[in-house]
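**Q** next come a sequence and a model predicted from it.
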Amino acid sequence: MSREYLTTSEVADYLRLKERKVYDLVRQGQIPCSRATGKLLFPRQQIDMWLLNHLEGDQAQRLALPAVLAGSQDPLLEWAVRESASELALLCHGSWDGVRRLVDGKAMLAGVHLLHPETQRYNDPAVLGLGGMRDLIILHWAVRRQGLLVAPGNPLGIQSLQDIVRKELTVAHRQLDAGAAQLLECLLDNAAIDPRQIGWAPHASQSEDDLALSIRQGDADVGLGVEAAARRQQLSFIALHEESFDLLMPRRSYFEPPIQALIAFTRQTRFKQQAEALGGYDIRRLGCVLYNA
């Protein structure tokens, strides 16, 4: 039971359900799973989250949530939290960490950008193990451009994802909980690139800014990140992908003063000006409700 993925019989044993019930939950889209060569597999991490969300009488659902924004670091969101006087504390250690803190009642909201490799959908509650969170809402924040960050002027002539396998390159990377790490894994798989061919940096970067800074300082030659982080460090940028960055929260959190202050601030002209100045953002649908349990 310590493996990353469980089979149908293993997840039935783990949840103390009959296999037929597991198949029913899969058919109804109520339990996170994936299909590999026609075989159902159940990610252990998402199953644990799904189980936590189905606990009856969970005290965490009734306790006041801390005014914490967890999940992925986003330069525009980080700036808006400060400038809006929302009084939200930032605890950004990656998208998956944000999901866990949301489930555990340790955050008021989480910024997330997690791509499912099979459906190519972002931030699907069922995939994240949040299908049973009865008061979950998802608000759209922005579409962001992701790509390769390289030294100013691109002196090494890196042009595409295929170039990062070059033996002389050191490739910066994010921690496993980060949405950027999951995206990079998907992009490499789509391009049929074996990660073992890549010369990875010895230590993972813990934020977008850390990754950009490692390239600026010469500790790495290239890495996947958002355009805004490249611009902040005056790096060159090679666009590869557009992604959806969204805010997940319990419905009751939406009406809390810190979140209302943040949302009100996004309507100001200087917020739009900052998004344009940072670069790589499309905020036309900011605030749209993508999911309402």
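**A** Arrived safely, thanks for sending.

**Q** what residue lies at the spatial centre of this protein?
**A** Closest residue to the average C-alpha location of the chain: residue 113 at 3.0 Å, with CA atoms, centre = their mean.

**Q** so, low pLDDT: which residues of this protein?
**A** Within the chain, the stretches with pLDDT under 70 are 1-3, 36-37, 49, 52-63.

**Q** could you pull out the strands for the stretch 1-150 of the chain?
**A** Applying DSSP state E, counting those that start in this stretch to the stretch 1-150 of the chain gives strands spanning 5-6, 34-36, 39-43, 68-71, 89-91, 109-112, 136-150.

**Q** please export the C-alpha coordinates of the last one as CSV.
**A** Going back to what we said before, that points to strand 136-150. Taking Å, rounded to 0.1, in the frame of the first residue of the first chain, the C-alpha atoms of strand 136-150 are listed here in CSV:
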residue,chain,number,x,y,z
LEU,A,136,-15.6,23.8,-3.0
ILE,A,137,-15.6,26.7,-5.5
ILE,A,138,-12.9,27.4,-8.1
LEU,A,139,-12.3,31.0,-9.3
HIS,A,140,-10.2,31.7,-12.4
TRP,A,141,-7.2,33.9,-11.7
ALA,A,142,-5.3,34.1,-15.1
VAL,A,143,-4.0,32.3,-18.1
ARG,A,144,-0.2,32.3,-17.8
ARG,A,145,2.5,31.7,-20.4
GLN,A,146,5.0,29.0,-19.4
GLY,A,147,8.2,28.5,-21.2
LEU,A,148,12.0,28.1,-21.1
LEU,A,149,13.9,30.7,-19.1
VAL,A,150,17.4,31.2,-20.4
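
**Q** and that strand, what other elements does it pack with?
**A** On a contact count with 3 or more CB pairs under 8 Å, 6 or more residues apart in numbering; DSSP states H and E, strand 136-150 meets helix 75-83, helix 208-216, strand 222-226, helix 227-232, strand 236-250, helix 251-254, strand 281-282, strand 289-292. All C-beta atoms are positioned from the backbone trio N, CA, C, and that covers glycine.

**Q** what does the helix or strand just after that strand contact?
**A** Next helix or strand after strand 136-150 toward the C-terminus (DSSP states H and E): strand 171-172. With contacts defined as CB atoms under 8 Å, 6 or more residues apart in numbering, strand 171-172 is touched by 149, 164, 198-201, 205, 211, 214-215, 219-223.

**Q** can you do 6 Å?
**A** By CB atoms under 6 Å, 6 or more residues apart in numbering, the residues outside strand 171-172 that reach it are 164, 198, 200-201, 205, 211, 214, 220, 222-223.

**Q** closest to residue 83 among those?
**A** residue 211 (23.8 Å; CB to CB).

**Q** give me the number of residues near that closest one?
**A** Residue 211: 27 surrounding residues under other CB atoms under 10 Å.

**Q** kindly report the same for residue 66.
**A** 14.

**Q** in TSV, list the strands of the stretch 1-150 of the chain along with distance to residue 234 and mean neighbour count.
**A** Output for the strands of the stretch 1-150 of the chain, formatted as TSV (distance: least, CB to CB, whole Å; neighbours: other CB atoms under 10 Å):
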stretch	distance to residue 234	mean neighbour count
strand 5-6	42	18
strand 34-36	40	12
strand 39-43	39	17
strand 68-71	27	27
strand 89-91	24	15
strand 109-112	25	26
strand 136-150	11	22
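
**Q** how about these in TSV, adding distance to residue 176?
**A** Output for the strands of the stretch 1-150 of the chain, formatted as TSV (distance: least, CB to CB, whole Å):
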stretch	distance to residue 176
strand 5-6	15
strand 34-36	17
strand 39-43	13
strand 68-71	14
strand 89-91	17
strand 109-112	15
strand 136-150	17
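
**Q** and those: which comes nearest residue 232?
**A** strand 136-150 (10.4 Å).

**Q** list the contacts of the closest one.
**A** Contacts of strand 136-150 (CB under 6 Å, 6+ apart): 130, 158, 212, 215, 222-223, 225-227, 230, 235-243, 245-248, 251, 280-283, 285, 288, 290-293.
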